[in-house]
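Peer 1: Provide a 3D model corresponding to the input given below.
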Amino acid sequence: KINIVSDNNVAKHHLEYIIKGLDQSDIDHNLLLIEPGEKSKNWENLIEVSEWFLKNNIERGDLIIAFGGGVIGDIAGFAASILLRGIDFIQVPTTLLAQVDSSVGGKTGINSSKSKNLIGSFHQPIAVIADLDILKTLPKREFLAGLVEVTKYGLIYDVDFFNTIENNLKYILNHDHLKLNQIVSKSCEIKSLIIKNDAKENGKRALLNLGHTFGHAIESFGKYDGTIIHGEAVSIGICLAFKLSSKMGYCPQNETDRVISFFKKLTLPTSLREVQGLSITTTGMLNKFKYDKKNKNNQLTFILNEKIGKSFIKNNMDEDILTKFLNDEI
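Peer 2: Residues are numbered from 1 along each chain as shown. This is a model prediction of the structure:
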């Protein structure tokens with residue numbers, strides 16, 4: 001039996017095709033729709049989803065399909081990891097961000113009152129099916145948010161990939177199928193190379209969090225109500241990480257300027273001053289940093305850059321440096 005978890009937005013555009021395919025193959029299936037958006041990643045919805053599976057007599061031999069963006073993948077994947085102590089699931093990501101990031105690597109989870117994704121588990125999907133044609137119905141704002149995560153891979157690991165994105169931006173924004181195929185495939189390839197020896201983020205997998213310490217903090221100020229979405233917060237976060245890297249003498253200023261210029265071309269926010277409607281303070285940001293999953297021994301950990309294509313893990317970050325930096329930025 002197959003159990004599909006999706007949301008109303010995805011259902012409106014795409015659900016009939018997956019249902020039709022299952023019906024034609026005479027496969028028994030159930031469907032649960034939850035509200036779209038980051039606010040759905042909470043305890044209440046996790047319980048509701050889990051109880052729905054149990055009500056439908058889910059068995060260990062059944063399969064769960066997470067059919068949607070990162071929120072659906074996270075909550076359905078988390079439920080799959082804890083129900084009956086683990087059930088197989090497949091990710092069918094419907095956003096660019098989910099196709100290149102959240103659906104790959106096995107992280108699942110929900111948000112807490114303290115910060116994002118603090119409650120969850122590692123549970124690898126048995127397959128990830130990324131259909132590029134689905135992206136045609138994606139709002140531009142969501143597509144650009146996903147492109148931030150694509151760009152991240154070039155910034156942390158592969159300057160040639162960053163150059164490719166920069167040089168082909170016009171085609172990517174026009175949904176050129178060949179270019180989209182290249183960037184989605186390359187993003188997943190880079191992510192798999194980084195995590196294959198560090199599946200549970202005890203070492204170099206943390207590099208994938210470039211911009212995310214800042215980004216998650218910024219996003220939580222918005223209370224996940226859509227004022228700022230994940231990719232936009234990470235865009236600011238990456239720019240802040242490069243600025244901090246330059247101020248600390250790790251990264252040439254011209255590299256930082258190039259990164260900021262790139263995100264500005266995409267009309268994405270690049271600084272804290274551009275965020276409207278959020279009461280962001282230095283003290284508030286520092287408090288959010290303390291709940292970051294990368295921290296060790298109560299010491300702050302950040303991902304910084306030596307140059308485009310070469311990130312590194314900076315442990316035991318000096319809070320005085322961070323305080324002065326944030327005071328200048330806010």
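
Peer 1: what is the neighbour count of the nearest residue to residue 220 once chain neighbours are set aside?
Peer 2: Nearest residue to residue 220, sequence neighbours excluded (Cβ to Cβ, 6 or more residues apart in numbering): residue 115, at 5.5 Å. C-beta here means a position set from N, CA and C on the backbone, and glycine is covered the same way. Residue 115 has 19 neighbours, counted by other Cβ atoms under 10 Å.

Peer 1: so residue 115 belongs to a strand, correct?
Peer 2: No. Residue 115: not assigned to a strand; according to DSSP: H, G, I helix; E, B strand; the rest coil it is coil.

Peer 1: hang on, isn't it packed against residue 288?
Peer 2: Yes. Assessed by Cβ atoms under 8 Å, residue 115 is found in contact with residue 288 at 5.8 Å.

Peer 1: which residues are in contact with both of these two?
Peer 2: Taking Cβ atoms under 8 Å, 6 or more residues apart in numbering as the contact rule, residue 115 and residue 288 both touch 216-217, 220.

Peer 1: now the strands for the stretch 201-330 of the chain?
Peer 2: Taking DSSP state E, counting those that start in this stretch, the strands of the stretch 201-330 of the chain run over residues 302-307, 310-314.

Peer 1: check which helices and strands the first one sits against.
Peer 2: So that's strand 302-307. With contacts taken as 3 or more Cβ pairs under 8 Å, 6 or more residues apart in numbering; DSSP states H and E, strand 302-307 sits against helix 140-157, helix 212-221, helix 230-247, strand 310-314.

Peer 1: check which residues of the first one are buried.
Peer 2: By neighbour count, with 16 or more other Cβ atoms under 10 Å as the criterion, the buried positions of helix 140-157 are 142-157.

Peer 1: how about the last one?
Peer 2: Within strand 310-314, the residues that count as buried by 16+ other Cβ under 10 Å are 310-311, 314.

Peer 1: a markdown table for the residues you listed, including distance to residue 265 and pLDDT?
Peer 2: What follows is the buried residues of strand 310-314, written out as a markdown table (distance: Cβ to Cβ, whole Å; pLDDT from 0 to 100):
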| residue | distance to residue 265 | pLDDT |
| --- | --- | --- |
| 310 | 22 | 98 |
| 311 | 22 | 98 |
| 314 | 28 | 96 |
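
Peer 1: which secondary structure elements does the helix or strand containing residue 165 contact?
Peer 2: Counting by DSSP states H and E, the element that carries residue 165 is helix 159-167. The elements that helix 159-167 packs onto, with contact taken as 3+ Cβ pairs under 8 Å, 6+ apart, are helix 140-157, helix 177-195.

Peer 1: tell me the average confidence for the longest one?
Peer 2: Per-region confidence: helix 177-195 scores 96 on mean pLDDT.

Peer 1: ok, now the first one?
Peer 2: Averaged over helix 140-157, pLDDT sits at 97.

Peer 1: what are the ranges of the strands in the stretch 1-150 of the chain?
Peer 2: Under the criterion DSSP E, counting those that start in this stretch, strands of the stretch 1-150 of the chain are mapped to 2-7, 29-34, 63-68, 89-93, 107-110, 119-122, 127-128.

Peer 1: mind putting these into a markdown table with distance to residue 163 and mean neighbour count?
Peer 2: Below are the strands of the stretch 1-150 of the chain laid out as a markdown table (distance: least, Cβ to Cβ, whole Å; neighbours: other Cβ atoms under 10 Å):
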| stretch | distance to residue 163 | mean neighbour count |
| --- | --- | --- |
| strand 2-7 | 36 | 22 |
| strand 29-34 | 40 | 18 |
| strand 63-68 | 32 | 26 |
| strand 89-93 | 26 | 26 |
| strand 107-110 | 28 | 24 |
| strand 119-122 | 33 | 16 |
| strand 127-128 | 27 | 15 |
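
Peer 1: looking at those, which is nearest to residue 275?
Peer 2: When these are compared by Cβ to Cβ, strand 107-110 sits nearest residue 275, at 24.0 Å.

Peer 1: still on that earlier bit, could I get the shared contacts of residue 115 and residue 288 as TSV with pLDDT, neighbour count and distance to residue 11?
Peer 2: Below are the shared contacts of residue 115 and residue 288 laid out as TSV (pLDDT from 0 to 100; neighbours: other Cβ atoms under 10 Å; distance: Cβ to Cβ, whole Å):
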residue	pLDDT	neighbour count	distance to residue 11
216	94	24	28
217	94	25	32
220	90	23	28
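
Peer 1: can you redo the residues you listed as JSON lines with distance to residue 124?
Peer 2: What follows is those, written out as JSON lines (distance: Cβ to Cβ, whole Å):
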{"residue": "216", "distance to residue 124": "23"}
{"residue": "217", "distance to residue 124": "28"}
{"residue": "220", "distance to residue 124": "27"}
